[in-house]
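Undergrad: based on what follows, work out the 3D shape:
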Amino acid sequence: VVWDLLCYNKIDRSEDPVRKALAQLICLHDLDYEHLWSSFNLNERRILKDLVIKGKLSTRDGFPASTTYSAALRLTKEGYLIKTDTYKIEDPFFKHWILEKRN
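TA: Predicted coordinates:
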């Protein structure tokens, strides 16, 4: 998308092509991400938002730590999260969508 923006002069040279491409990709997949978001339960949504905003899992809103970590494990098994030293959202565009649309 960045290449197309620059190659076909679809962007003002003063604009950041990566930021513009990111915005286009998020807009393009908005309905897909909305559908995906609606498939998550309240606890899973809370986990995803915490990962986007705080960069880590947290136990709040009355959810026990065991519930949080079992939901994170389920999201990892389903391919939505990656576990390294911490949990991360697998799809960086979905992460930006959450940040823009759900914050």
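Undergrad: mind checking which helix or strand the nearest residue to Phe93 once chain neighbours are set aside is in?
TA: What sits nearest to Phe93 in space, not counting adjacent residues and going by CB to CB, 6 or more residues apart in numbering, is Leu25, at 5.5 Å. In short, each C-beta sits where N, CA and C put it, glycine included. When elements are assigned from DSSP states H and E, Leu25 belongs to helix 17-28.
Undergrad: which parts of that helix are buried?
TA: Across helix 17-28, burial judged by 16 or more other CB atoms under 10 Å covers 17, 20-22, 24, 26.
Undergrad: returning to what we had before: distance of the residue nearest to Phe93 relative to Ser70?
TA: 32 Å (CB to CB, to the nearest Å).
Undergrad: check His29 too.
TA: In terms of CB to CB, His29 sits 28 Å off from Ser70.
Undergrad: show me which of these two is the more surrounded one.
TA: Set side by side, His29 and Ser70 show more neighbours around His29, with 16 against 12, by other CB atoms under 10 Å.
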